[in-house]
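**Student:** Provided below for reference: sequence and predicted model.
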Amino acid sequence: MKKLFLLPVLMGLLLTGCGNDSGQGTSGPVTGTFTFEMPKMGWKSGQENPTVTADPGLTIKAEQGENQSAAPKYWEGTDAEDKSLRLYALNTLTLSASEITKIEFTYTIKDSQTMSPSVGTLNGTIWSGSASKITFTLGSKGQIRITEMKVTGTFSGGGSTPVGPVDPGDERTVASVANDIATNLSLTSSDIEWEQDDAYIGCVLDGATSLEETCLEAITYLPDYLEESEAPTAGQWDNGDDGYFTTYVDEANSIEVQIGTYLDGSDYVMQFCVYYVY
């Protein structure tokens, strides 16, 4: 099903500058399972003692602890598994949220390193318990390289990094997908326009020089659980202006997201249409 966008004027889109670094996270408490990928936490390669509060409200804080010579750092190598949070002997890793009940780590271990939690139980790569704050302390030898943490619990709704993927089996709606996109654009639910069951979000891309560039940039604001349906291709708008569009899907929940671009005077506008596929 191909869904053409309404005329920009008809949609009544709010045109604002956009970005994902304003510190505006999801509003209100959120309960569920979220995947936090270390390369998406906004750290620079080589950054020591990295810390962040990631949307929807998980604080990740790595500290030197009792190690007198080596601080934890985020490091990006040439391979995917090298883009990791590296913890060394006696370093600590603290995770905080409203409540955390489960953490699944994806990491590689060097020299039989261990992590000891301050509360709860760590069996292999899975921590379980119930706490708002857990500190993991490494043993006296070796290092651990963490690439991903899947965290289950209740989160405050704060944070500045883009919304990560939830478990594939979790139910999503047009409203929840639209809110995730708005959050990644540093917008709020009040910036979402509705036309029956369809959600529309519009945003000016500052500094853009082409419609294709705007479309490709818009893709980066999509939640990770959406999958590409079509590569960006030249399209035709109802108002006769040339534009670009592409479609992403959440097949499990029968939701499509169509990205389109148009030129409004000298402003390049990215816009998103979220709708059910019947």
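**Tutor:** All right, it came through fine.
**Student:** Identify, by residue count, the longest strand of this protein.
**Tutor:** strand 92-110 (DSSP state E).
**Student:** What are the buried residues along the helix or strand that it is followed by?
**Tutor:** Along the chain past strand 92-110, the next helix or strand (assigned with DSSP states H and E) turns out to be strand 115-117. Neighbour counts over strand 115-117 (16 or more other CB atoms under 10 Å) mark Met115, Pro117 as buried. C-beta here means a position set from N, CA and C on the backbone, and glycine is covered the same way.
**Student:** Flag every buried residue along the longest strand of the chain.
**Tutor:** For strand 92-110, by 16+ other CB under 10 Å, it's 92-97, 100-101, 103-107.
**Student:** Break down this protein into its helices, ranges please.
**Tutor:** With DSSP state H as the criterion, the chain has helices at 8-11, 174-184, 211-219.
**Student:** What's opposite Ser84 in the beta bridge?
**Tutor:** For Ser84, the beta-bridge partners are Trp75 (DSSP bridges).
**Student:** rewinding a little: so how far is the longest strand of the chain from its chain's centroid?
**Tutor:** Averaged C-alpha coordinates place strand 92-110 at 17 Å from its chain's average position (CA atoms, centre = their mean, to the nearest Å).
**Student:** Sheet partners, orientation included, of it?
**Tutor:** Here, using DSSP bridges, strand 92-110 pairs with strand 58-63 (antiparallel), strand 126-138 (antiparallel), strand 143-155 (antiparallel).
**Student:** now these in JSON lines, with distance to Ser176?
**Tutor:** Listed next are those as JSON lines, based on distance: least, CB to CB, whole Å:
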{"stretch": "strand 58-63", "distance to Ser176": "18"}
{"stretch": "strand 126-138", "distance to Ser176": "25"}
{"stretch": "strand 143-155", "distance to Ser176": "14"}
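**Student:** and those as TSV, adding mean neighbour count?
**Tutor:** Below are the strands paired with strand 92-110 laid out as TSV (neighbours: other CB atoms under 10 Å):
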stretch	mean neighbour count
strand 58-63	21
strand 126-138	17
strand 143-155	21
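**Student:** Compile those into CSV and extend it with columns for distance to Asp206 and mean pLDDT.
**Tutor:** Converted to CSV, the strands paired with strand 92-110 look like this (distance: least, CB to CB, whole Å; pLDDT from 0 to 100):
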stretch, distance to Asp206, mean pLDDT
strand 58-63, 29, 94
strand 126-138, 38, 96
strand 143-155, 30, 93
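**Student:** between those strands, which gets nearest to Glu217?
**Tutor:** With CB to CB as the measure, strand 143-155 is the member of the strands paired with strand 92-110 nearest Glu217 (25.2 Å).
**Student:** So which of the strands paired with strand 92-110 is nearest Thr31?
**Tutor:** strand 143-155 (4.6 Å).
**Student:** so how far is the closest one off the chain centroid?
**Tutor:** Distance, centroid of strand 143-155 to centroid of chain: 14 Å (CA atoms, centre = their mean).
**Student:** Kindly report the same for stretch 85-102.
**Tutor:** That offset, for stretch 85-102, works out to 19 Å (CA atoms, centre = their mean).
**Student:** Can you show me the CA trace of it as PDB?
**Tutor:** Output of stretch 85-102 as PDB, limited to C-alpha atoms (Å, rounded to 0.1, in the frame of the first residue of the first chain):
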ATOM      1  CA  LEU A  85      32.600   0.500  26.500                       C
ATOM      2  CA  ARG A  86      35.900  -0.900  27.900                       C
ATOM      3  CA  LEU A  87      36.200  -1.500  31.700                       C
ATOM      4  CA  TYR A  88      39.400  -2.500  33.300                       C
ATOM      5  CA  ALA A  89      40.400  -4.000  36.600                       C
ATOM      6  CA  LEU A  90      38.600  -2.500  39.600                       C
ATOM      7  CA  ASN A  91      36.700  -0.100  37.400                       C
ATOM      8  CA  THR A  92      33.000   0.300  38.200                       C
ATOM      9  CA  LEU A  93      29.800   0.500  36.100                       C
ATOM     10  CA  THR A  94      26.600   2.000  37.600                       C
ATOM     11  CA  LEU A  95      23.200   1.800  36.000                       C
ATOM     12  CA  SER A  96      20.300   3.900  37.400                       C
ATOM     13  CA  ALA A  97      16.600   4.100  36.500                       C
ATOM     14  CA  SER A  98      13.300   4.300  38.400                       C
ATOM     15  CA  GLU A  99      13.500   0.500  38.700                       C
ATOM     16  CA  ILE A 100      15.600  -2.100  37.000                       C
ATOM     17  CA  THR A 101      14.600  -5.800  37.100                       C
ATOM     18  CA  LYS A 102      16.800  -7.400  34.400                       C
END
